[in-house]
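Colleague: All I have is the shape, not the residue letters:
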Ligand SMILES: C[C@H](O)[C@H](O)[C@@H](O)C(=O)CO
Ligand SMILES: [Mn+2]
C-alpha cells in the first residue's frame, strides 16, 4: 500500500479525466474536460496543449488537497508522437483522421499479416502504423532523429522528462508489435521505427519524479513519482482481477463507451482462439506481455445514431421503467436495428445499418438501441470465445435494458456489473499497488424476462443472410429484398470510374435536412380559428378527403410522411399553427408558450423546427396590405407580430439546439396599376427594420425575407419584389428566401443561388413548382429541380442554406404530397453529390465544351436510382413505390375516417 495519495490521469478520446485517491484508495476528487478538435499544420491532432493546460490546473488543485505520492497515466490506444530532448517534434494525430488515399494504399502494401501482429487492417488512423506512415511523409527529418512515444507515455514524459514505451499501448492494433513473440513487427523494423521506439518499460515502472517545471506549475512535491502507465482498456482488465469473484480465473471484460471492447484474459496461452481479422477481432497485449483476444465495435457511437435525438439524449436512468417496457414490446413486435451503423468496424463490418420498423419517438429508438448493443456485444463475445465470467464496465453498465438483454442472451455465463464509473482508474491503482481492496462489489445481472432467443435468432438470420431487408409493416413480417445491394455495388463501380465515391456522396446526403412545410397537411388553414379563409393571393385548390383538422392530426400525418422519407428533417411552422388551447390569441400576442407543444413534439420525433409569421388570412390583412399599410395602427400591429415571431424562432432554436430560420413573406400589393410604388416600399423597409432591431444570436434564429412577383388579386404590383428584398437583405445582412414559384416563367432560382450566396449571410429556399398562374404545385423531379440540387452542392456552402419546401395541393392525398416532394428534392441533391464536378469543371476551364455537354448528358442515364434505392433501404424507409402502399393503408385506416 502506498503511503500517499495517487492521481490517475485518464486521457480518453472524448474526455480527459483525473481522479485523486487517498492512501486507502478512496476517491477524493474527480475532474474532467471534453477534448477539443484541433488542427495543426493542416493535420487533425489531439488536443494535447488544451489537455496540458487543464491538467496543470487540476494537479494544482489536487496538490493543495493531498500529499500526492504518484501519478499514473492511462490513455486511449492508437495514438502517439515523436519527441526529441524535451521537445515534441511530431504531434499526436487524431486517429479519426483518414490519411490521403495514396498513403493508405502504400501503407497497406507494407504492413504485416494479421497472423503476425494480431492487428487487423482498420479504417482512418486506427492502426497507429498508418499514422506513422503518414507523418513520416510530412516530417521526414523529424523521423530521422525523434523518439516514438505512445499516448500514455507521452504524458509520463511531459510530467517527468523520461522517455519510455510500454506493451499495452504498443500492442493495441498498432501493426507495430508481435504479441506472441514480444518483439516489434517486421514492418516496424523495416520502416526504421523500431529503433526509434523509446526504451521498453513495464506499466508499473516508476519512470522518475515530476519535473521542476511541473512542480513550479502545480505545487507537487519533488517526491511525487510518475509511473510508465498503460492503455485504458488494459487498465479495466487489470481491475477485474481485484474482484474476489474473478481473482485469477478466466474472465472477459466488456468496456463500454464510444467503443465497446471485449478483452478476454486467457487461463493459458494454449486456450487462445483463432481470431478473424475481418470481423474486428484482434490481439491486445496485457501488462505482463501476454496476448489478449479482443473484439470491438463502436457501440456508443452507434447508440447515438440509432437514438437520433439531435444531441438531446434520453435520460436512461430517469426513463428506466419505460425503456424496459418499450424493449419488451420491441422484442415481441420484432422491432430491431441491424448492423452496422458505424460502417467498416465491428463484427459485421460490411453490413449496412438499417432499421426494421423504426420507432418514431426517441425513447422507442433508445430501447431498441440497447437491444442492438446487447446483440452486437453477444456476437463480439462469441468471436473471442468468451465464457464463464463477463464483467461489464463503463457507461452502458447503467443501462438495464442493455445489461439484462445481454444476460438473457448468454444464459450459460455469469454477467457482472462492476463499479462502472471508476473501474478504469481502479485498475491503474492496482498496477501501482496490488494490495488494495476491490473497487466495488460486483453485481450479478438478472436476465431480461422476455423470449429473446427467438428475437436474436431472427436478427441473426437477417444479419448473416447478406441480402437487404424490407419490412412489410402491414403484416409485421420481414421479407428479404436482395438485389438492392448488388445493384448498388454495380452503380458504385460505374460512378467510381468517373471518380465519384457513392459512399461518400451518401454520407453527405445523410447530413441534409429538408424543412417540410406544415401547411401542406391542411391546405394552409392553420388552427387559429375554425374554417378561416385563406387570403394573401395564394390558393389551395382541391377537396381531397382526410385533411388534418387538429394539431394532433397534423402531427400524426407528418409523422407518417416522415417515416417514409429517408434522412432526418425539419418541420416548417406558420404562426397560424399555434397551440392556443382553444382561446383566441391574436397575431400580435403570440408567444413561445403557444408553440411549446410543437417544440415538445419536435424533440420527441427528433426533428428541427423553422418558423414563419403569418401575414395573411386575417382581418387586418383583408385589404391586401400589412407591414407596408398606409395606416400606422395596422403597421404597428403587424410589426408586433414580427417581433413576437422572432422571439418564438429564438426559443425554438434554443430548446432544440438547432438554428430556426424565420421567414418573412408579406403579400402586400395592388391588383391594379399603382400611383405610388415608392412609399409602400419605404414603409415596408421601415417596418422590417423595427422588427429586426433586436439582435438575436444567429445560432438560435436567423431572419429571412421572401420576394414574390405577383399573387392572385395582386397582379400589378408587389411591394416585396425580388429587387426590393435583395437590396434589403444585402444592406441589412438578413438571409434571402428564394421561392421557385415567385419569378417570371422563364426565370429559374438555380441560376440565382450562386449570386445570393456571395452577398447574403445565408439563403432560405422554398422549393416549389410553378404551373401557369400557380406557384405552389407539388415538387417533381424536373430539370429545374435537378439544377437546384446541383447548384446547391456545387456552391460548397450547404451549411448556409436552409432548404425548405413550399407547395400545397388539396387535390391529392396530402401525406403523399409531402412524401413525393421531399423525396424529390433529396433525389436532386443526391444527383448533385454524384456529379463528377472536378471533371466537368476541368473540361470547362480547358474550353472543352464538347466533353462538358457529353458528360452532362451521360450523367442523366447513370444508375443514380440504384444509389437512391440503396440509401432508402439503409435508412429503413420503403424502396420504390412501396411507400405508396403505406400511404394507402394510412388513408384507409386513418384519413378516410375523418369527416
Ligand atoms: C404559406 C407560405 O408562407 C407562403 O406560401 C409563402 O412562402 C409564399 O410563397 C406565398 O406565395
Ligand atoms: Mn414561399
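Modeller: Thanks, I have the structure now. Remember, predicted model here, so these are calculated numbers, not experimental data. Numbers count the residues shown, from 1 in each chain. Ligands and ions are numbered 1, 2, ... in the order given.
Colleague: need the contact list for the closest residue to ligand 2 within the stretch 551-700 of the chain.
Modeller: Residue nearest to ligand 2 within the stretch 551-700 of the chain: residue 665 (5.8 Å; Cβ to the ion). From N, CA and C alone the C-beta is placed, and that goes for glycine too. For residue 665, the contact set (Cβ atoms under 8 Å, 6 or more residues apart in numbering) comprises 612, 615, 705-706, 708, 720, 737, 739.
Colleague: how does it look with 6 Å?
Modeller: residue 706 (Cβ atoms under 6 Å, 6 or more residues apart in numbering).
Colleague: Quick check: phi and psi on it?
Modeller: phi -120, psi 120 (degrees, to the nearest 10).
Colleague: Hmm, residue 302 is touching residue 340, no?
Modeller: No: using Cβ atoms under 6 Å, residue 302 makes no contact with residue 340, being 7.1 Å away.
Colleague: Nearest residue to the most centrally placed residue in the chain in space, please, no chain neighbours.
Modeller: The chain has residue 305 as the residue nearest its centroid, 6.0 Å off, counting by Cα atoms, centre = their mean. Distances taken as Cβ to Cβ, 6 or more residues apart in numbering put residue 341 closest to residue 305, at 4.5 Å, once the chain neighbours are dropped.
Colleague: Can you pull the phi/psi pair for the one you found?
Modeller: phi -80, psi -20.
Colleague: That one: what's it in contact with?
Modeller: Residues in contact with residue 341, defined by Cβ under 6 Å, 6+ apart, are 302, 305, 353.
Colleague: ok, how many other residues are close to residue 290?
Modeller: 19 (other Cβ atoms under 10 Å).
Colleague: Roughly how far does it sit from residue 411?
Modeller: Counting by Cβ to Cβ, to the nearest Å, the gap from residue 290 to residue 411 is 29 Å.
Colleague: Any residues of the stretch 651-800 of the chain in contact with ligand 1? List them.
Modeller: 665, 706, 708, 739, 766, 775 (Cβ under 6 Å from any ligand atom).
Colleague: List the buried residues in stretch 208-223.
Modeller: 208-211, 214-215, 217-218, 220 (16 or more other Cβ atoms under 10 Å).
Colleague: I'd say residue 832 and residue 788 touch.
Modeller: No: judged on Cβ under 6 Å, residue 832 makes no contact with residue 788 at a distance of 8.6 Å.
Colleague: Tell me where the stretch 1-150 of the chain is predicted with low confidence.
Modeller: Across the stretch 1-150 of the chain, residues meeting the criterion (pLDDT under 70) sit at 1-2.
Colleague: ranges for the strands of it?
Modeller: Remark: strands assigned in the stretch 1-150 of the chain by DSSP state E, counting those that start in this stretch are 5-11, 15-21, 27-34, 38-40, 43-45, 68-75, 80-84, 87-90, 147-150.
Colleague: which stretch among those strands comes nearest ligand 2?
Modeller: strand 38-40 (39.4 Å).
Colleague: Off-centre distance for that closest one?
Modeller: Remark: strand 38-40 is offset 21 Å from the chain centroid, using Cα atoms, centre = their mean, to the nearest Å.
Colleague: strands paired with that strand, and their directions?
Modeller: Under the criterion DSSP bridges, strand 38-40 sits next to strand 43-45 (antiparallel) in its sheet.
Colleague: Mean confidence (pLDDT) on the biggest helix by length in the chain, please.
Modeller: As assigned by DSSP state H, the longest helix anywhere in the chain is helix 632-656. Average pLDDT, helix 632-656: 98.
Colleague: Nearest to ligand 2: which residue in the stretch 251-400 of the chain?
Modeller: Closest point on the stretch 251-400 of the chain to ligand 2, by Cβ to the ion, is residue 310, at 25.4 Å.
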